[in-house]
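> here is the input, now give the coordinates:
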Amino acid sequence: MSDTGPYQQQPRRPAGDIARNPQGGGRIGDAPPDRLIGGSDIDRPEQNVARSTSAESSITTNGSVHSRPREFEPSERSAASVAELDAAVVALGGRVVLRRVSADVKDGEVVAVLGANGSGKSTLVRALIGLVPLRDGEARLFGCPLPRFKDWRRIGYVPQRTTAAAGVPATVREVVTSGRLAYTGVLGRMGKRDRIAIDDALATVDLTDRARDSVSRLSGGQQQRVLIARALATRPELLILDEPMAGVDLANQRALADTLAALHSDGTTILLVLHELGPLAPLIDRAIVLRDGRVVHDGAPPPAVGHHADPAHDHLHPHAPEEPGWLR
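Model prediction:
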């Protein structure tokens, strides 16, 4: 395995050359990657991470510091932001997983969250939608503080390592139909609008001809597309997918990439958790890279290196948490 990891480290800026946080005059905070002892390092002064504006821009670790999380100011709350974390701290099982993470997703963007196993990628998106609680910091969806957000039909979520079958005999259409429960309720009747939404979702993932098939008969990649169709049945404005390429062969990765490209062209905002970009690389507007629960890069996607840069690379192998490289 290459000693540089999946992505090539970018050249550092000179000390003090700090990129501005696009949310406003502040900066995206990051602390030194020292060992956490009893969770105490979440309150240490944080160094700064630059948001890149081009493929040549990259990470800065020097500059002014601030020791307390910055609150959102009204002027910083862009109407175009659909999801935001500000100085978010998440602890799971007594271990701090996210350490003062600030990140956002703008309307119409395709954003990839990258990093090695255990870096906090999945926790970041789960914190955004309230699946794990924040110890500190703030999350907002469509400009609304997370505790007050109620319009969950605007968000489609495809979780990590979930099969569409889930041990229950069901057809493809039945699984996708369950995505309309946000509108109909458990006992509600499906109307014409619901049936059209289900048909459209199946067509988007190219599974119309498999609608009556048992989900258990589908490949892993096809099951992933069923789960995406279920999320699309609500016609969400923001689609979040956690490791959608994991365990999926190259042909189905490309099919997923085509599906997401079509959704993006229709105006859907997409947030993806990925270990590597693969066939999705042309779609990605911005990459947020995590290491040890901290943002170390927010900007243009870093280029892949080694075997990860091979277009024929099948991402079917596991990645150990200790994988070398700048994502470690």
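
> please pull out the lowest mean pLDDT helix or strand from this structure.
strand 28-30 (a mean of 36; mean pLDDT, DSSP states H and E).

> so where's the protein uncertain?
1-79, 161-168, 186-187, 304-328 (pLDDT under 70).

> just the strands from it, written as ranges.
Taking DSSP state E to define them, one finds strands in the chain at 28-30, 47-49, 81-92, 95-106, 110-114, 136-141, 144-145, 155-158, 238-242, 269-273, 286-291, 294-299.

> and those strands, which is most packed in?
strand 28-30 (a mean of 26; mean count of other Cβ atoms under 10 Å). Where C-beta positions appear, they are placed from N, C-alpha and C, glycine not excepted.

> just the helices in the stretch 101-250 of the chain please.
Ranges of helices in the stretch 101-250 of the chain, per DSSP state H, counting those that start in this stretch, are 121-128, 172-177, 181-184, 192-204, 220-232, 250-265.

> of all those helices, which one comes closest to D292?
Each of these has some distance to D292 by Cβ to Cβ; the shortest is helix 121-128, at 11.8 Å.

> the closest one vs strand 81-92, what angle?
Taking axes from the mean of the first three to the mean of the last three Cα atoms, to 10 degrees, one finds helix 121-128 and strand 81-92 inclined to each other by 110 degrees.

> take the strands of the chain and write them to TSV, including distance to Y183.
Putting the strands of the chain into TSV (distance: least, Cβ to Cβ, whole Å) gives the following:
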stretch	distance to Y183
strand 28-30	37
strand 47-49	40
strand 81-92	20
strand 95-106	24
strand 110-114	26
strand 136-141	19
strand 144-145	20
strand 155-158	13
strand 238-242	17
strand 269-273	20
strand 286-291	31
strand 294-299	35
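
> of these, which approaches V176 most closely?
strand 155-158 (11.7 Å).

> what's that closest one packed up against?
Judged by 3 or more Cβ pairs under 8 Å, 6 or more residues apart in numbering; DSSP states H and E, the packing partners of strand 155-158 are helix 220-232, strand 238-242.

> now the ones you listed as a markdown table including distance to I155?
As requested, those are exported to a markdown table (distance: least, Cβ to Cβ, whole Å):
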| stretch | distance to I155 |
| --- | --- |
| helix 220-232 | 9 |
| strand 238-242 | 5 |
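
> so can I have CSV of the helices of the stretch 101-250 of the chain showing distance to L146 and mean neighbour count?
Converted to CSV, these look like this (distance: least, Cβ to Cβ, whole Å; neighbours: other Cβ atoms under 10 Å):
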stretch, distance to L146, mean neighbour count
helix 121-128, 8, 24
helix 172-177, 27, 23
helix 181-184, 18, 15
helix 192-204, 26, 17
helix 220-232, 19, 24
helix 250-265, 24, 18
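
> out of these, flag the one nearest G293.
Of those, nearest to G293 by Cβ to Cβ is helix 121-128, at 7.9 Å.

> which residues are contacting the closest one?
83, 85, 88, 90, 92, 97-98, 101, 103, 113-115, 132-134, 139, 141, 146, 160, 240, 242-243, 271, 273-274, 288, 290, 293 (Cβ atoms under 8 Å, 6 or more residues apart in numbering).

> and if you look at stretch 241-254?
By Cβ under 8 Å, 6+ apart, stretch 241-254 touches 121-122, 125-126, 157-161, 219-222, 224-225, 228, 256, 270-276, 278-280, 312-316.

> output it in PDB with nothing but the alpha carbons.
Only the C-alpha atoms of stretch 241-254 are listed here, as PDB (Å, rounded to 0.1, in the frame of the first residue of the first chain):
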ATOM      1  CA  LEU A 241     -25.600   8.800   1.900                       C
ATOM      2  CA  ASP A 242     -23.200   7.100   4.300                       C
ATOM      3  CA  GLU A 243     -20.600   5.000   2.500                       C
ATOM      4  CA  PRO A 244     -22.800   4.200  -0.500                       C
ATOM      5  CA  MET A 245     -19.900   2.600  -2.400                       C
ATOM      6  CA  ALA A 246     -18.800   0.200   0.400                       C
ATOM      7  CA  GLY A 247     -18.900  -3.400  -0.800                       C
ATOM      8  CA  VAL A 248     -20.300  -2.400  -4.200                       C
ATOM      9  CA  ASP A 249     -18.600  -3.600  -7.400                       C
ATOM     10  CA  LEU A 250     -17.300  -1.200 -10.000                       C
ATOM     11  CA  ALA A 251     -20.300  -1.600 -12.300                       C
ATOM     12  CA  ASN A 252     -22.800  -0.700  -9.600                       C
ATOM     13  CA  GLN A 253     -20.500   2.100  -8.400                       C
ATOM     14  CA  ARG A 254     -20.800   3.600 -11.800                       C
END
